[in-house]
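Undergrad: fold the following.
(chains A and B)
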Amino acid sequence: MTTKANVLEKATAFYDHFERKGGQDQTTHYCPGCGHGNVHKLIAEALDDLGLAERTVFVSPVGCSVFAYYYFDTGNIQAAHGRAPAVGTGVKRTRPHSIVISYQGDGDLASIGGLEIIHAANRGENMTVFFINNAIYGMTGGQMAPTSLIGQKTSTSPYGRTVENEGYPIRMCELISTLESPVYVERCQLADVKGIMAARKAVRKALQNQADGKGFSFVELLSPCPTGWKMTTHDSLQWIKDFMIPYFPVKVFKDESATRNGRIREPKEYTDEELFKALNLGLLGESQPRDAEFLKNFKTVEMKIAGFGGQGVLTAGAILAAAAMQENLEVSWIPSYGPEKRGGTANCSVILSKDSIGSPMVVSPNVLVVMNDPSLDTFEDAVVSGGLVIVNSSIITRKLKRTDVDVLYIPLSDIAADLGLNAAANMVLLGAYLEYTKLFPLDHLKKIIPYTLKRKTLAEANVKAAEAGAQWMRDNNKR
Amino acid sequence: MKRDLIKANEALVKGAIMAGCTQYYGYPITPASEIAEAASVYMPVCGGTFIQAESEVAAINMVYGASGAGARAMTASSGPGISLKQEGVSYLSGAELPAVIVDIMRAGPGLGNIWPEQGDYNQVVHGGGHGNYKVIVLAPNRAQEMCDLTMLAFDLADKYRMVVYILADAYVGQMMEPVEFPKVNKKAPHRPWALYADKASQPNVITSIVFSAEALEEHNLKLQARYAQIEKDEVRFQEIQCEDAELILMGYGFVSRLLQSTIEVLRKQGKKVGMLRPISLFPFPNQRIQELAAQGKHFLCVELSNGQMRDDVYLATFKKDIVHFYGRMGGMVPSVAEIVDVALGYLK
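TA: Numbers count the residues shown, from 1 in each chain, chains lettered A, B, ... in the order given. The predicted model follows:
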């Protein structure tokens, strides 16, 4: 890798003027001795040397580096506290060729954003995370961080952090390196030149991995915060060495950069027609041409179909509604739902109408289909006078109490069983119903059955069951 | 005619994809999971992204990132999840990012239950997040509208650079009805402010932080002007037989389907009733309500809540004595007969 000879030259990935501090356009808003400046510089130089700045999107967190976009001449997006990895995920999935940098502090990453970082890592998001660990909340004035050391005094741990009250400082590299997906996890320190040079290498590797499509890279940087720690710059560097490094070991935790294959998804474009097909639309084709007479004379059907779960009552309703739709009728289907769904029965409401349908819930059906005893008990009284009740007489042995309704006792389950199709009593029902009512020809229903079943292989059997239902009606109905 | 019989929740997802939505980020919650499930089926085969996020909060922030990167992006949830997303909605609003959020309401408060309610009206229409922002809210009442209004939502989101909600409930979502789908494959329009990870968009910054008080007030005033424009241009409502009505039934979403049937029953009895259904809850049809109030008409607001929309009708009329209310909560849904009885109490 070639790098610029003159390390004092400003990286072009930095803006020429920093406008954060008005009137002092070469000055950052960071305090003297702060580690952010070092890391910013390492990143900007790496972006320059790797030629990535143009396609980089830098995600600024909440914390001191919230204003990173004043410095980096890249695309910039600012995230809510802790959410940078989630925001970065959205950017990356939308623009797979982008270079996404999630730059986060310890409060942001290890506390409020604990979940987002773990899961971005676990998905192996092809992004680079720089984690600035300075063991304190800098921006908000020096409160305790999840990485604050035992005994460390902060504005919210005035007596020093204790194990009893706050537990131990959290080690993020250790945590993240236990996950399968991340490709590269390293902790560096900014306390001396040797550490900074190692960090420089780590920053480059983490970015190169992303450019190569290798996945999630995570670099933690132990970083001084003289202001937050209330120390001189010199003392704060010593404090990193004396106290942070012993607890947060500086090392490579995981590095599969050399063995991982890179992969960057290429987006595919679809035509209108291709998309329509991919969405499984228009399968039923054009509806039946219907004369005005049919529609004018059509009497609204308000149907309730009820039975055990598994008897196919919901499917029967949906197929009838689909078939009626193809007759140019308005239809609605709604499953039993809400507090009415009691007593172990499944049911659906189906309305077929020539007019716009108001409430899709059938409370007083003019057609009731009952497949089992509890359904008959529940809905018998609800049927409107003069309505039709179809009883599955294979299962229901009692007769109706009502005398003011038409009733058909059909051994739906037996007819299905005779065909060797135990689950097709619902299709027998539809065949019988259409034969009895002449609502529309059975052939129309048969045409759409294959499109309304989840398992297409069963289409032929279901058509046969519907035909058997119609046949039974012709043989037995003495209307 | 070429229609598909389709579950409304699925119609919404297909409409979204046709509108150019390529990014779906969501978290499972009953009764909105069907939307995530449909998205997980169709997004990948249509060239888009589906991610089941680690949390509702992560999901809305992924939407933020995707929108900032120029995509049409969406998420869907239900009450408890919407509460969690409010942080993200505020940030999206502050950063002026277009996004579509679907709320399939369930009953609350707290874990409540999974039956339908309309108790999210306030947290959605009046904003549950921090700051002086508003969102456009569209309330479909049928499968066709779940498709059409979702497509419209993406256009409005881009037009005004803001969040647009689809506010529905489990009943609307569960219904299967015929839907006529347009055969289109729209693309997200080019957003000059977005991050395309290229030279042209490199100078762009997406942020909601405005450090000086003067500048932030100016930013807020700009947003308020936009909302005022929306109140002028984007009001949508449906009206049935209001001309001669003494009593106007008001309700949105699934309830309006019950009201449609209620009117049919009452009109047969010779009662003068009509229906005003807000399709957009923000902007609210204030002007139309005021016109009808000026004609001496009374209003009966029917909701699956404690009267959250009713309060907006109060605000539109400033007359409590002409605004009546009937609500059910907890997942209870009134029958048409029940609403007929209540309405008769306010009719001569």
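Undergrad: B:Pro278 versus the residue of chain A found nearest chain B, what's the distance?
TA: Using C-beta to the nearest C-beta, A:Gly90 is the residue of chain A that sits closest to chain B, at 2.5 Å. In short, each C-beta sits where N, CA and C put it, glycine included. Counting by C-beta to C-beta, to the nearest Å, the separation of A:Gly90 from B:Pro278 is 32 Å.
Undergrad: neighbour count: those two, which is higher?
TA: A:Gly90 (33 against 28; other C-beta atoms under 10 Å in any protein chain shown).
Undergrad: doesn't the more buried one lie inside a helix?
TA: Yes - A:Gly90 forms part of a helix when assessed by DSSP: H, G, I helix; E, B strand; the rest coil.
Undergrad: nearest residue to it other than its sequence neighbours?
TA: With C-beta to C-beta, 6 or more residues apart in numbering or on different chains as the criterion, A:Gly90 has its nearest non-adjacent residue at 2.5 Å, and that residue is B:Gly65.
Undergrad: where's that neighbour, which helix or strand?
TA: When secondary structure is defined using DSSP states H and E, the element that contains B:Gly65 is helix B:56-68.
Undergrad: domain ranges for chain B?
TA: As recorded under automatic domain parsing, the domains making up chain B are B:4-233, B:238-344.
Undergrad: how far off centre is the shortest one?
TA: The chain centroid and the centroid of domain B:238-344 are separated by 18 Å under C-alpha atoms, centre = their mean, to the nearest Å.
Undergrad: re earlier: contacts only, for the residue nearest to A:Gly90.
TA: Contacts here follow C-beta atoms under 8 Å, 6 or more residues apart in numbering or on different chains; on that basis B:Gly65 touches A:59, A:77, A:79, A:86-92, A:94.
Undergrad: returning to what we had before: just the domains of chain B: most buried one?
TA: Each of these was scored by mean neighbour count; the highest is domain B:4-233, a mean of 22, by mean count of other C-beta atoms under 10 Å in any protein chain shown.
Undergrad: tell me how far the ends of that domain are from each other?
TA: Using C-alpha to C-alpha, to the nearest Å, the gap from the first to the last residue of domain B:4-233 comes to 32 Å.
Undergrad: please state the offset of that domain from the chain centre?
TA: That offset, for domain B:4-233, works out to 9 Å (C-alpha atoms, centre = their mean).
Undergrad: and what of stretch A:109-121?
TA: Chain-centre distance of stretch A:109-121: 17 Å, with C-alpha atoms, centre = their mean.
Undergrad: cool, stretch A:255-270 as well?
TA: Between the mean C-alpha location of stretch A:255-270 and the chain-wide mean there is a distance of 22 Å, by C-alpha atoms, centre = their mean.
Undergrad: in it, what's buried?
TA: Of the residues in stretch A:255-270, those scored as buried under the neighbour-count criterion (16 or more other C-beta atoms under 10 Å in any protein chain shown) are A:255, A:257, A:260, A:270.
Undergrad: stretch A:351-371 now?
TA: When burial is assessed from 16+ other C-beta under 10 Å, stretch A:351-371 yields the following buried residues: A:351-353, A:357-362, A:364-371.
Undergrad: please list which of the residues you listed are also close to chain B.
TA: Restricting the buried residues of stretch A:351-371 to those within reach of chain B (C-beta under 8 Å from any C-beta of the partner chain) leaves A:357-361.
Undergrad: can you tell me how far the residue of chain B found nearest chain A sits from A:Asp192?
TA: Distance from chain A to each residue of chain B (C-beta to the nearest C-beta) is smallest for B:Gly65, at 2.5 Å. Taking C-beta to C-beta as the measure, B:Gly65 and A:Asp192 are separated by 36 Å.
Undergrad: near chain B, anything from the element among helices and strands of chain A having the smallest mean pLDDT?
TA: Across the helices and strands of chain A, mean pLDDT, DSSP states H and E gives its lowest value to helix A:292-297, namely a mean of 88. No - counting by C-beta under 8 Å from any C-beta, chain B is not contacted by helix A:292-297; separation bottoms out at 12.1 Å.
Undergrad: so what touches that helix?
TA: Residues external to helix A:292-297 that are found in contact with it (C-beta under 8 Å, 6+ apart): A:327-329, A:354.
Undergrad: 10 Å instead, please
TA: Where contact means C-beta atoms under 10 Å, 6 or more residues apart in numbering or on different chains, the residues beyond helix A:292-297 that reach it are A:288, A:327-330, A:353-355, A:440.
Undergrad: I'd like the next helix or strand past that helix.
TA: Next in line after helix A:292-297, if elements are assigned by DSSP H and E, sits strand A:301-307.
Undergrad: quick one: distance of that next one to the chain centre.
TA: Centre-to-centre, strand A:301-307 and its host chain are 35 Å apart (C-alpha atoms, centre = their mean).
Undergrad: hang on, A:Met172 packs against A:Thr147?
TA: Yes - assessed by C-beta atoms under 10 Å, A:Met172 is found in contact with A:Thr147 at 7.8 Å.
Undergrad: so what sits against both of the two?
TA: Residues touching both A:Met172 and A:Thr147 by C-beta under 10 Å, 6+ apart: A:106, A:109-110, A:131, A:133, A:220, A:248.
Undergrad: need the contact list for residue 179.
TA: Since you didn't name a chain, this refers to chain A. With contacts defined as C-beta under 10 Å, 6+ apart, the neighbours of A:Leu179 are A:118-119, A:121-124, A:185, A:216, A:218, A:254.
Undergrad: that's the wrong chain, I wanted chain B
TA: When contacts are counted by C-beta under 10 Å, 6+ apart, B:Val179 is found next to A:281, A:325, B:3-8, B:10-12, B:14-15, B:142-148.
Undergrad: check B:Val302 too.
TA: For B:Val302, the contact set (C-beta under 10 Å, 6+ apart) comprises B:118, B:249-252, B:255-256, B:258-259, B:262, B:275, B:309-310, B:324-328, B:334, B:338-339, B:342-343.
Undergrad: near chain A, from those?
TA: Among the contacts of B:Val302, the residues that sit close to chain A (C-beta under 10 Å from any C-beta of the partner chain) are B:255-256, B:258-259, B:262, B:275, B:339.
Undergrad: of those residues, which belong to strands?
TA: B:Met275 (DSSP state E).
Undergrad: with distance to B:Gln123 and pLDDT added, can I get the ones next to chain A among the contacts of B:Val302 in JSON lines?
TA: Listed next are those as JSON lines, based on distance: C-beta to C-beta, whole Å; pLDDT from 0 to 100:
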{"residue": "B:Val255", "distance to B:Gln123": "18", "pLDDT": "98"}
{"residue": "B:Ser256", "distance to B:Gln123": "21", "pLDDT": "98"}
{"residue": "B:Leu258", "distance to B:Gln123": "23", "pLDDT": "98"}
{"residue": "B:Leu259", "distance to B:Gln123": "24", "pLDDT": "98"}
{"residue": "B:Thr262", "distance to B:Gln123": "28", "pLDDT": "98"}
{"residue": "B:Met275", "distance to B:Gln123": "26", "pLDDT": "98"}
{"residue": "B:Ile339", "distance to B:Gln123": "25", "pLDDT": "98"}
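Undergrad: now do the residue of chain A closest to chain B, the pLDDT please.
TA: In this model, A:Gly90 is scored at 98, pLDDT.
Undergrad: that one touches B:Asn61, doesn't it?
TA: Yes - using C-beta under 10 Å, A:Gly90 is in contact with B:Asn61, at 7.1 Å.
Undergrad: find residues that contact each of the two.
TA: A:79, A:83, B:25, B:53.
Undergrad: name the nearest residue to the first one, ignoring sequence neighbours.
TA: Counting by C-beta to C-beta, 6+ apart, A:Val87 is the residue found nearest to A:Ala79 once chain neighbours are left out, at 4.1 Å.
Undergrad: what sits against that neighbour?
TA: Remark: with contacts taken as C-beta under 10 Å, 6+ apart, A:Val87 is in contact with A:57, A:59-61, A:77-80, A:100, A:102, A:116, A:120, B:58, B:60-69, B:88, B:91, B:206.
Undergrad: having no further points to raise, I will conclude here.
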